[in-house]
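Trainee: kindly generate the corresponding structure for this input.
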Amino acid sequence: MRKLLIAVVLLMSCCVAALDRQPNADYRARRVALSQKTAGGVVLLFASTEEEGPNNIYGFKQDDGFFYLTGWTEPGAALLIAPEVKASDGNPARPYTEIFFLPPHNRTQERWTGPKLGPEDATARQVTGFDRVESLDQMREILVKVLPQPRATVFTDLGSSSSKAPFSWLRRTNAFATRLAMEDVKELLASMRMVKDRGEMERIQHAVDASVAAHLAAMKAMKPGMKEYEIGALIQYEFQKRGCERPAYAPIVGSGFDGTVLHYSENSGAIQNGDDVVIDAAGEYAGYASDITRTLPANGKFTARQREIYDIVLGAQQAAAAAFVPGKSTLFGPGSLTDVARQYIDAHGKDLHGEPLGKYFIHGIGHHVGLNVHDADNRKPLDRGMVFTIEPGIYIPEEKIGVRIEDMYWVDENGKLVRLTAKLPHTAEEVERTMASH
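Mentor: Numbering: from 1, shown residues only. Take a look at the predicted model:
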């Protein structure tokens, strides 16, 4: 019987957790850590339903914060975390409590989107990693027992549309204390999510390595006459065949003038001889994103002006990386890495009118990357365990030249800045040599 149960658990794990999840203990450790940040307040989070979530051509994707705390990929669940509190002011002591709520089966919906784990399943605790799994229908009765009276503080995602209907129902059924304070959990989660643990870094590096291989394939396939979407399709094929579930964001392949449009999305133009081509595309593995941009000469050889702009952008990136100081550097604001890059660009090149090129660097130097390509960020200084991009760019529409070089960086335990994308050609010479190697 024991062997049968283990087999069922493994089968259910495959069905409900197709992603390369971290061990359940990792998610529990995050929940405990979060509970210690709420000053006695309770955390109550709701996952999106299949109707609410981004159920697009790539399928349902779990809310980032919910996945971070649970590793759960199915829709419609809920999470309750109540920290340990001591008896005071007439309220009894409460041990640390965490409960996972699963929605009852909707057999009609499951015919369309596949079977789901229900609260009554014998394997629910082993699969989810929670000691207590209840039906979503029981939440009201449980909250009445867990929340202190007459006042309580509940942390939740105040901006989430998935929370509106359940919170409205809970209020109508008097599930909360008479004096309820609602706090946004995003700031607390951001402070945790900015620092990646070992399991997260393994998955991010997998996404990066698959995406680096995809960019290498694009470098070797690039030639005048191709359509931009051909390169986009090739890159997506290459990183997905290496395990990425989906693109981390809509791929950008912009040639000539299109490369000067930052979020160009049509990818429909024909790549002309003499163009440079901005390729901003990367995959997502096990829920974790990567983000990489390279700029290529369509015919394998930069013009003198393209090379000049490329070298300035590369120099700006290298200057920003060299200026990094753990615990002090920031991506934005006075004295930030953005300022370092812009000052370098201004000092090293001019446009056709003799003006410094800094005005053509029209975005910030980078952003955090994790469960989202623009990951949680509370704008604190960059420090150990953080993953972010450094991506200066120059976009000159009148010259039809756009250059962006984007790499991903991690601050290791010693405070060293590590380029996760180091295997991808970086200098103009390396790019040209790689393109010639096919």
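Trainee: going forward, measure contacts between C-alpha atoms and count neighbours the same way
Mentor: Will do.
Trainee: what residue is smack in the middle of the protein?
Mentor: With distances taken as C-alpha atoms, centre = their mean, the chain has Asn372 as the residue nearest its mean C-alpha position (1.6 Å).
Trainee: gap between that residue and Ala322?
Mentor: Taking C-alpha to C-alpha, to the nearest Å as the measure, Asn372 falls 26 Å from Ala322.
Trainee: could you pull out the helices for the stretch 201-350 of the chain?
Mentor: Counting by DSSP state H, counting those that start in this stretch, one finds helices in the stretch 201-350 of the chain at the ranges 228-240, 304-323, 337-348.
Trainee: out of the ones you listed, flag the one nearest Met408.
Mentor: Taking C-alpha to C-alpha, helix 304-323 is the member of the helices of the stretch 201-350 of the chain nearest to Met408, at 11.0 Å.
Trainee: tell me which stretches of the stretch 51-200 of the chain form helices.
Mentor: Using DSSP H, counting those that start in this stretch, helices in the stretch 51-200 of the chain cover 64-70, 107-113, 124-128, 139-146, 161-172, 186-193, 198-221.
Trainee: residues in contact with the second one?
Mentor: The contact list for helix 107-113 (C-alpha atoms under 8 Å, 6 or more residues apart in numbering) reads Pro115, Lys116.
Trainee: related to what we said a few turns ago, output the helices of the stretch 201-350 of the chain as a markdown table; include the columns mean neighbour count, distance to Ser211 and mean pLDDT.
Mentor: What follows is the helices of the stretch 201-350 of the chain, written out as a markdown table (neighbours: other C-alpha atoms under 10 Å; distance: least, C-alpha to C-alpha, whole Å; pLDDT from 0 to 100):
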| stretch | mean neighbour count | distance to Ser211 | mean pLDDT |
| --- | --- | --- | --- |
| helix 228-240 | 21 | 5 | 98 |
| helix 304-323 | 20 | 20 | 98 |
| helix 337-348 | 22 | 25 | 98 |
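Trainee: possible to save these as a markdown table with distance to Asp121?
Mentor: Output for these, formatted as a markdown table (distance: least, C-alpha to C-alpha, whole Å):
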| stretch | distance to Asp121 |
| --- | --- |
| helix 228-240 | 33 |
| helix 304-323 | 51 |
| helix 337-348 | 51 |
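Trainee: before we move on, the earlier item: to Pro326, which of the helices of the stretch 51-200 of the chain lies closest?
Mentor: Across these, Pro326 has its closest neighbour in helix 186-193 (16.0 Å, C-alpha to C-alpha).
Trainee: count the neighbours of the residue lying closest to the residue nearest to the centre of the chain once chain neighbours are set aside for me.
Mentor: Closest residue in space to Asn372, ignoring its immediate chain neighbours: Ala289 at 6.0 Å, by C-alpha to C-alpha, 6 or more residues apart in numbering. By other C-alpha atoms under 10 Å, the residues close to Ala289 number 27.
Trainee: could you tell me which residues make contact with Ala289?
Mentor: Neighbouring residues of Ala289 by C-alpha under 8 Å, 6+ apart: Ile204, Ala207, Ala248, Ala282, Gly283, Val369, Gly370, Leu371, Asn372, Val373.
Trainee: out of these, list just those in strands.
Mentor: Counting by DSSP state E, those place Gly283 in strands.
Trainee: settle this for me: Leu80 is touching Leu102, isn't it.
Mentor: No. Applying C-alpha atoms under 8 Å as the test, Leu80 and Leu102 come out as separate, 11.6 Å apart.
Trainee: output the below-cut-off pLDDT ranges for the stretch 1-150 of the chain.
Mentor: The stretch 1-150 of the chain contains residues with pLDDT under 70 at 1-17, 52-57.
Trainee: isn't Gly385 right up against Glu413?
Mentor: Yes. Using C-alpha under 8 Å as the test, Gly385 is close enough to Glu413 to be in contact (6.7 Å).
Trainee: re the thing from before, ok, which of the helices of the stretch 201-350 of the chain comes nearest Tyr409?
Mentor: Evaluated with C-alpha to C-alpha, the helices of the stretch 201-350 of the chain place helix 304-323 nearest to Tyr409, the distance being 9.1 Å.
Trainee: all set, thanks.
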